[in-house]
Structure formats: C-alpha cells, structure tokens
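Undergrad: Curious how this folds, go ahead:
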Amino acid sequence: SLPSAKEEQPEVAKETPLPAPRELMSRKFFLLFDFAYNNAVGIIKAREAALHFMDTQVQPSDEIGVLSYSAIKALTLHEYLTTDHKKVREVVEKIGVSEILGRAEDLENKYWGEMSLLNPPGEVLAKSEVERSKFDTSSAFMARAGTRLNVSLFSRNVTELAKALRHIPGHKNIILFSSGIPYALLYGSLTGSREDWGESLLRQKFEDMIKELSASNTTVFPMDTEEQGAGLRRDTNTMGIYTLHKLASETGGKYFGNINNYQKHIEKIQDLTGCYYVLGYYIDDPRDGKYHKTKVEVRRPGCKVHAQRGYFSSKPFSEYAELEKMLHLIDLALSDKPFSQSPLRFPFKAFSCSIEEEVNLCLIS
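TA: The predicted structure follows:
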C-alpha cells in the first residue's frame, strides 16, 4: 500500500536577534571660572548661573567637570568629568570672590586710564609739552607688563588643557564665565593721538590657543561677566567682548552677553548641545603638524552653522613637546582606545633573574 501522506508542518520563523543598541556618548561639560578677568559681582553671578545649569538642564548621563583660572594659581582642576552631580554642585557652591586676587583686568584698566592722561583728547591737547612731560609713565607701562604676563600664562594654560582634551573621546563643551581678555591688548586701539597696534606675540598665542581648542573637538560658550554699563564708561576695545566673541565663533560655540540673563543663556546652551550633527570625511594626512581650516555651509535657508574652524594634521613623535609626549604615553598605557594610535599586540615572556643579589625582571619578546 502507498504510504500515507504526512501532514505538512507549518514553518516556524526563527527569531532574529535584535542588534545591540548603540551606546550613546554622554555629553561632557567643563565649567570654567575665570578669576583673572572678572569682578566680584561677576563671580557671584557665574556661580548662580552654574548652579542653575546643574539644577535645570543637566541630564543623568551628562559628565560635568569644574575648572578655574586665576592670576596666582593658574589653571586648577577642582573636579574631573563625573556623573556624580551632587559632588559637582558642592564644588560650585564653594566658588567665591576670594579667588580674584591679582585681577589681570585691573592692570589693563590702569594702563589705559593713565595713557589717556598722557594723551588727552581734543581740546586738552593744546596744553604745553612741558606739563605733559611731568606725567610719570612708569606705572602705566608696569601695568601693561603685568597684563602681558597674564595673557601669556592664560593662553599657555588653556592651550595645554586643549591638548589634554584631545585624549578625551567625543565632543566636549566649556562654559566659560569671564569678562574676557581686553581686545586692545591683542589687536590694538586708538587712544587720543597714540597709535597702538596690539601685542603681536600675545595675539599669536591667543589664536594658537583657539586653534588647539577647535582641533580638540571642544566648543566654548562664553558668558560675559562684565559689569553692566561698563561700555558707557570705557572704550569697548579695552574690554573683552570681542575676544570672547572670537573664542566662541572659532570653536563652534556662541557668545552670551550680560550674565544677568543667565537663565535664557543656559536654555540656549541646552538647545545647542542637546542635538547636533557629526560630519566626517576622509583626509590625506601629510604628517606636518600644520593647522588646516574647515568651513561648513548649508543650503537650507534660515539655518545658522556653529562649527569648529579647523584641525591639526599629525606629526612625527620626535616633534612632540614634552607635555604631548607625556600625554601620549599615558594615553597608550591607560586608555582602552588610545587617541594617538592603535597599540600593537605582541607576545612576551617574563623571567625573574638575580644579578648580585638584586631582584630583576627580564622581558623577552
């Protein structure tokens, strides 16, 4: 007899395992309090703004760090990036006006105030040269020497910070509370009959600092802590508004004036850092260590681009500065995914040996 036909069993679809969800990289913020270019009211407002940011905008996964800069203590790390927001808040609460000893801004104001006496405007210029020669310019030029030193130290410290930030993966944001380096010191100003073209060496250091921040994938959001109404009493070129603008635009950030409006400023920072595009493209690396400018344009009307302005190509290890060599070594030794290069894996054996009763290890690879 013919075998009975077997009942066809319905095919059971195999479950396809879902791909592992991609782990989103957390936002990273450094709160940087500048005590050198600031004032007592500005420090208090900066602290209020930082605490408001911690209380209203910080997400549980956000990593927050706290830095400060002063003319005496230079750059200080108070708290490294952490998701322990309670600890960060306690650090911010201790930020006080006692840190603004030796303000660099005071020295620059003194210089321009005394130079205005030496070169008075308009009708006063008719006074005899004899009376003007009685004016002692030594204190004015000592004040300018002090500002030169402060700008040099500030630029150097933040440049070194930027080089270290290169080794932290992902995008970094710095919220800077400062009244800014006086623009006239770097780029010059006209006061009376005196022509001042600025300090070219300091200007170069400042611009190199901005390039390093941009290349380290770090965006700066300056909040101007200058006293309100200062622009009515002083030449705006002697203030820091223009240097803060430059620092923000070159790193893809945004300048925020009048820190009294910090609540609106913090909301805007939240919008800018909460959603953004990451654009990537292949480049030829000549390994010359030079800075290369980039520009991002969009065709959609009504859009405004905030983006870093450039990057540094790599360079041979022999051309690294001492700080860069140390960062390179620490990165290779301790990081799971080193920034500089992929580590080479090779087998080795360790043997203990003794020479003249001293304990030694011999590694053979």
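Undergrad: Would you map the strands across the stretch 151-300 of the chain?
TA: Counting by DSSP state E, counting those that start in this stretch, residue ranges of the strands within the stretch 151-300 of the chain are 172-178, 189-191, 194-196, 218-224, 291-293.
Undergrad: can you redo the ones you listed as TSV with distance to F30, mean neighbour count and mean pLDDT?
TA: Bear in mind the C-beta positions are built from the backbone N, C-alpha and C, glycine included. Listed next are the strands of the stretch 151-300 of the chain as TSV, based on distance: least, C-beta to C-beta, whole Å; neighbours: other C-beta atoms under 10 Å; pLDDT from 0 to 100:
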stretch	distance to F30	mean neighbour count	mean pLDDT
strand 172-178	5	24	96
strand 189-191	31	17	58
strand 194-196	34	12	54
strand 218-224	8	25	96
strand 291-293	23	13	90
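Undergrad: between these, which one is nearest to K349?
TA: K349 sits nearest to strand 172-178 of all the strands of the stretch 151-300 of the chain, at 41.1 Å, using C-beta to C-beta.
Undergrad: Partner strands of that closest one and their direction?
TA: For strand 172-178, the paired strands and their directions (DSSP bridges) read strand 28-34 (parallel), strand 218-224 (parallel).
Undergrad: before we move on, the earlier item: for G274, find the nearest of the strands of the stretch 151-300 of the chain.
TA: Across the strands of the stretch 151-300 of the chain, closest to G274 is strand 172-178 (C-beta to C-beta), at 11.0 Å.
Undergrad: chain center to the closest one: distance?
TA: Per C-alpha atoms, centre = their mean, to the nearest Å, the displacement of strand 172-178 from the mean C-alpha position of its chain is 6 Å.
Undergrad: Does D331 touch H167 like I think?
TA: Yes - taking contacts as C-beta atoms under 8 Å, D331 lies within contact range of H167: 4.8 Å.
Undergrad: These two - which one has more neighbours?
TA: The neighbour count for D331 versus H167, taken as other C-beta atoms under 10 Å, is higher for D331 (19 against 16).
Undergrad: Mind pulling up the pLDDT for the more buried one?
TA: D331 is assigned a pLDDT of 85 by the prediction.
Undergrad: picking up where we left off before, make TSV out of the strands of the stretch 151-300 of the chain and add distance to L18.
TA: Converted to TSV, the strands of the stretch 151-300 of the chain look like this (distance: least, C-beta to C-beta, whole Å):
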stretch	distance to L18
strand 172-178	32
strand 189-191	63
strand 194-196	66
strand 218-224	34
strand 291-293	41
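Undergrad: To N360, which of those lies closest?
TA: Taking C-beta to C-beta, strand 172-178 is the member of the strands of the stretch 151-300 of the chain nearest to N360, at 43.0 Å.
Undergrad: hmm, who's touching that closest one?
TA: Applying C-beta atoms under 8 Å, 6 or more residues apart in numbering, the contact partners of strand 172-178 are 27-34, 37-38, 42-43, 46, 49-50, 53, 165, 213, 216-225, 240, 244, 247, 253, 259, 269, 273.
Undergrad: Try it again at 7 Å.
TA: Residues outside strand 172-178 that contact it (C-beta atoms under 7 Å, 6 or more residues apart in numbering) are 27-34, 37-38, 46, 49, 165, 217-223, 225, 240, 244, 269, 273.
Undergrad: where do the contact lists of D331 and H167 overlap?
TA: F339.
Undergrad: Would you map the helices across the stretch 201-350 of the chain?
TA: Remark: helices assigned in the stretch 201-350 of the chain by DSSP state H, counting those that start in this stretch are 230-233, 241-251, 262-274, 322-334.
Undergrad: pLDDT on the shortest one, on average?
TA: Here helix 230-233 scores 64 as its mean pLDDT.
Undergrad: Ok, which of the strands of the stretch 151-300 of the chain comes nearest E319?
TA: E319 lies closest, by C-beta to C-beta, to one member of the strands of the stretch 151-300 of the chain: strand 291-293, at 14.3 Å.
Undergrad: which strands and helices sit next to the closest one?
TA: strand 310-312 (3 or more C-beta pairs under 7 Å, 6 or more residues apart in numbering; DSSP states H and E).
Undergrad: Could you rerun that using 10 Å?
TA: Applying 3 or more C-beta pairs under 10 Å, 6 or more residues apart in numbering; DSSP states H and E, we find strand 291-293 packed against helix 200-215, strand 310-312.
Undergrad: The last one: partners in the sheet, and parallel or antiparallel?
TA: Partner strands and pairing direction for strand 310-312 (DSSP bridges) are strand 291-293 (antiparallel).
Undergrad: gap between the strand it pairs with and the chain center?
TA: 18 Å.
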